[in-house]
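Peer 1: Sequence and predicted structure are below.
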Amino acid sequence: MSRDPSSEAAEAASLQVTPAGPHPTPRPAPPKVVVRPRPEPGRTPRRAPAPEAAAEIKIRTEALSVWYGSMPAIKDVTISFERNRITALIGPSGCGKSTFLRALNRMNEVIPGTRTKGRVFLDGKDIYAPGVDPVEVRRRVGMVFQRPNPFPFSIFDNVAYGPRRHGVTSTSELYAIVERSLKEAALWDEVSDRLRSPALNLSGGQQQRLCIARALAVRPEVLLMDEPASALDPVATGRIEDLMNELKKNYTIIIVTHNMQQAGRVSDRTGFFLHGELVEYGPTEEMFTRPKDPRTEAYITGRFG
Amino acid sequence: MVSPAAGGRGPRRSRRSVRRESRRAEFVLGSLASVSLVVLGLVFFSLLREALPLFRHYPAAEFFTGLEWRPTSVDQRFGLVPLLTGSLLVTVGAAVIAVPFGVAVALFVSEVAPARVREFLKPCLELLAAIPSVVYGFIGLTVVSPLLRDVFGLSSGLSALNGSILLAVMALPTIVTLSEDALRAVPESYRAASLAMGASRWETMVHVTLPAARSGVTAAVMLGLGRVIGETMAVLMVTGNAAQITFDIFDSVRTMTATVAAEMAETPWGTPHYHALFSVGATLFMITFAVNMVADFLLRKEAR
């Protein structure tokens, strides 16, 4: 990887994140580039380093700050996420990474007393602009939560929930969506013969994959995952991670994780949050081998956290 | 349990005395709890003791299926059916009014209202339960009755509908409070999941929160209605007191409770009429008992 000294200097100077990483071209205004980052020839090795310049920005924030009451939770975060990549956000508890994640689909405003400043662009359009319906934003930017939270309905009704809300009524259509989503979430083989049984009878790992299927059923473009494996055992965690690698072919994934090994395993890029600020952001491999900021280094080597 | 040799005696003795103490506490609490059971049993027993002698003079089948309640005429008739349908009509009417209204209010209080409004509204609703039923009866006579008469062009506003309206208001505190508890017990994560899929708050409420709380809400409705089936004074005052079989909500009816209350004082002890009134009471008791059992079962199911 060729490193341009000037860009390195700039990054080091600001610790802040210029979106496109180490390549020297300044960030273009969110371009409607149609160039898909990469054609997927079957299963690519994880974290195949695609040419940076070709990456299309799917979602990006500009000076995004969130307060809970008068408490700042995240401060002035500017970052961009590339299409069809997995970006991991790491950092100690309470560093604001989950809050940041929830700002990307306007889930923070469900909590009373939350205030958001700054902008979030999804395909170049500010989702916080007046007149934008948060409901529509959330349909495009799906979310998987820390603890599996299937509804106390049947497996089928869980996955069909979103499509039903968005106007799909025909049973055959719903069935097709349910099957496709469950297959995407690698759960179909385990539940295809008992779609009508209660979702709460599934194991924790199955429930989480069901929640992923449920989120996928509304065809989001971006999938936010808030520590999706933290409540699961290692085997179930491994399945979720494999699944993420499959899913990034079609989705842009941003995952918050406590688990640095996990970030290292699954993500293409990693952002490190501390005290509500984005300390460092770059290709995962670089972050874990040559962190630029001493705080990042301290965190990933386990000196605090 | 093995305790270390040294100092083993100390802790063991105290443990034993703790155990003794807790056993004593359990005994006291247990006997207090069983008092209420004993009272329940005694009530039921004395009801039956006064009710059953009726069937020495009057066939049980005729009591339960008789279509006329004429306790004081020469040709005495103790047919339960008109009273049963009277109670049923008034209660079903109350349910039709109270259930949508109560559940809507519970949804509003639990899902929509800001905390300040909720903290004001809930005690107000619960205060409805503190209004004596005679007062409800007054309001039924002086406000609801003329209103019904004028709005629906009736000859008299003293009708099953009037009773239903009052009972609905009386059932509301129970329905709202318990439904609200059930709705609030729905994990926040369900709502979050729904919202995160691009469902609106309204859709979330109707399609996730309410279904998830379904058995609790059902129990709330049953307990609320179970409470008003036994309500006496208000319905006695406003339903017109005609023991007739009707399914017209604008007709006058007479409920089981009103019958007992109205006739008991004038009935000589030990007569068939006297025993018939007890039979009515026992029947009512069994109905409310069953309703409460089912509601309890549903609540327990919810808790699982």
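Peer 2: In hand now; what should we look at? This is a predicted model, so every value here is computed, not measured.

Peer 1: Quick one: residues contacting the residue of the stretch 151-300 of chain B found nearest chain A.
Peer 2: Closest approach between the stretch 151-300 of chain B and chain A, counting by CB to the nearest CB: B:Gly198, at 3.0 Å. All C-beta atoms are positioned from the backbone trio N, CA, C, and that covers glycine. B:Gly198 makes contact with A:Val135, A:Glu136, A:Val137, A:Arg138, A:Arg139, A:Arg140, A:Gly162, A:Arg165, A:His166, A:Val218, according to CB atoms under 8 Å, 6 or more residues apart in numbering or on different chains.

Peer 1: Check the secondary structure at the last one for me.
Peer 2: By that I understand A:Val218. With DSSP: H, G, I helix; E, B strand; the rest coil as the basis, A:Val218 sits in coil.

Peer 1: Now do the nearest residue to it once chain neighbours are set aside: how many residues are near it, please.
Peer 2: Excluding its sequence neighbours, the residue lying closest to A:Val218 (CB to CB, 6 or more residues apart in numbering or on different chains) is A:Gly162, at 3.8 Å. Residue neighbour count, defined by other CB atoms under 10 Å in any protein chain shown, stands at 27 for A:Gly162.

Peer 1: Kindly indicate whether the residue of the stretch 151-300 of chain B closest to chain A is helix, strand or coil.
Peer 2: Going by three-state DSSP: B:Gly198 is coil.

Peer 1: how far away is it from A:Glu179?
Peer 2: The gap separating B:Gly198 from A:Glu179 is 21 Å, by CB to CB, to the nearest Å.

Peer 1: hmm, back to that, check which helix or strand covers the residue lying closest to the residue of the stretch 151-300 of chain B closest to chain A once chain neighbours are set aside.
Peer 2: Residue nearest to B:Gly198 in three dimensions, not counting chain neighbours: A:Arg139, with 3.0 Å by CB to CB, 6+ apart. If you go by DSSP states H and E, A:Arg139 is part of helix A:134-140.

Peer 1: next structured bit after that helix?
Peer 2: That would be, after helix A:134-140 and using DSSP H and E, strand A:141-144.

Peer 1: which stretches of chain B aren't confidently modelled?
Peer 2: Across chain B, residues meeting the criterion (pLDDT under 70) sit at B:1-13, B:302-304.

Peer 1: Spell out which parts of it neighbour chain A.
Peer 2: Counting by CB under 8 Å from any CB of the partner chain, chain B comes close to chain A at B:114-115, B:187, B:189-200, B:203, B:207-208, B:211-212.

Peer 1: Beyond the worst-scoring helix or strand of chain A on mean pLDDT, next helix or strand please.
Peer 2: One helix or strand of chain A scores below all others by mean pLDDT, DSSP states H and E: helix A:5-14, with a mean of 43. Next helix or strand after helix A:5-14 toward the C-terminus (DSSP H and E): strand A:57-68.

Peer 1: now the strands for chain B?
Peer 2: B:69-70, B:77-78 (DSSP state E).

Peer 1: element containing the most centrally placed residue in chain A, please.
Peer 2: The residue lying closest to the centre of chain A (CA atoms, centre = their mean) is A:Ile254, at 1.5 Å. A:Ile254 belongs to strand A:252-256 when assigned by DSSP H and E.

Peer 1: before we move on, what about A:Ala73?
Peer 2: Here A:Ala73 is assigned to strand A:71-82, by DSSP H and E.

Peer 1: Give me the angle between that strand and strand A:252-256.
Peer 2: 150 degrees (axes from the mean of the first three to the mean of the last three CA atoms, to 10 degrees).

Peer 1: Buried ones in strand A:71-82, by neighbour count?
Peer 2: By neighbour count on 16 or more other CB atoms under 10 Å in any protein chain shown, the buried set for strand A:71-82 is A:Pro72, A:Ala73, A:Ile74, A:Lys75, A:Asp76, A:Val77, A:Thr78, A:Ile79, A:Ser80, A:Phe81, A:Glu82.

Peer 1: Correct me if wrong: the fourth one contacts A:Ser65.
Peer 2: Read that as A:Lys75. Yes: between A:Lys75 and A:Ser65 there is a contact at 5.3 Å, judged by CB atoms under 8 Å.

Peer 1: quick one: the closest residue to chain B within chain A from A:Leu101, how far?
Peer 2: The minimum distance from chain A to chain B, using CB to the nearest CB, falls at A:Arg139 (3.0 Å). Counting by CB to CB, the separation of A:Arg139 from A:Leu101 is 17 Å.

Peer 1: and if you look at B:Ile287?
Peer 2: Taking CB to CB, one finds B:Ile287 at 54 Å from A:Leu101.

Peer 1: Let me see the ranges of the helices in the stretch 151-300 of chain A.
Peer 2: Along the stretch 151-300 of chain A, counting by DSSP state H, counting those that start in this stretch, helices occupy A:155-165, A:171-184, A:188-191, A:204-216, A:234-247, A:260-266, A:284-289, A:294-300.

Peer 1: Which among those helices is found nearest to A:Leu89?
Peer 2: helix A:260-266 (8.3 Å; CB to CB).

Peer 1: number of nearby residues for residue 66?
Peer 2: In the absence of a named chain, this looks at chain A. Neighbours of A:Val66 using other CB under 10 Å come to 23.

Peer 1: ah, no, chain B please
Peer 2: Neighbours of B:Gly66 (other CB under 10 Å): 17.

Peer 1: Torsion angles phi and psi at it?
Peer 2: B:Gly66 adopts backbone torsions of phi -60, psi 140, taken as degrees, to the nearest 10.

Peer 1: Report the separation between the closest residue to it other than its chain neighbours and chain A.
Peer 2: Take B:Gly66 and drop its neighbours on the chain: the residue closest to it by CB to CB, 6+ apart is B:Gly79, 2.3 Å away. B:Gly79 is 46 Å from chain A, where distance means CB to the nearest CB, to the nearest Å.

Peer 1: likewise B:Val38?
Peer 2: 39 Å.

Peer 1: neighbours of that residue, just the number please.
Peer 2: 11.

Peer 1: chain center to the helix or strand harbouring A:Leu89, what's the gap?
Peer 2: Element membership of A:Leu89 [criterion: DSSP H and E] is strand A:86-90. Between the centre of strand A:86-90 and the centre of its chain there are 7 Å (CA atoms, centre = their mean, to the nearest Å).

Peer 1: Can you list the helices and strands that the following helix or strand past that strand packs against?
Peer 2: Downstream of strand A:86-90, the first helix or strand assigned by DSSP H and E is helix A:97-103. Packing contacts for helix A:97-103, counted by 3 or more CB pairs under 8 Å, 6 or more residues apart in numbering or on different chains; DSSP states H and E, involve strand A:57-68, strand A:71-82, strand A:86-90, strand A:222-226, strand A:252-256.

Peer 1: if you compare the strands of chain B, which one is most tucked away?
Peer 2: Neighbour counts (mean count of other CB atoms under 10 Å in any protein chain shown) averaged over each of the strands of chain B peak at strand B:77-78, with a mean of 20.

Peer 1: what helices or strands is that one leaning on?
Peer 2: Against strand B:77-78 (3+ CB pairs under 8 Å, 6+ apart) you get strand B:69-70, helix B:272-303.

Peer 1: was I right about B:Phe44 contacting B:Leu284?
Peer 2: No: the criterion here is CB under 8 Å, and B:Phe44 misses it with B:Leu284 at 12.0 Å.

Peer 1: Show me which of the two is the more surrounded one.
Peer 2: Counted by other CB under 10 Å, B:Phe44 and B:Leu284 do not tie: B:Leu284 has more neighbours, with 22 against 14.
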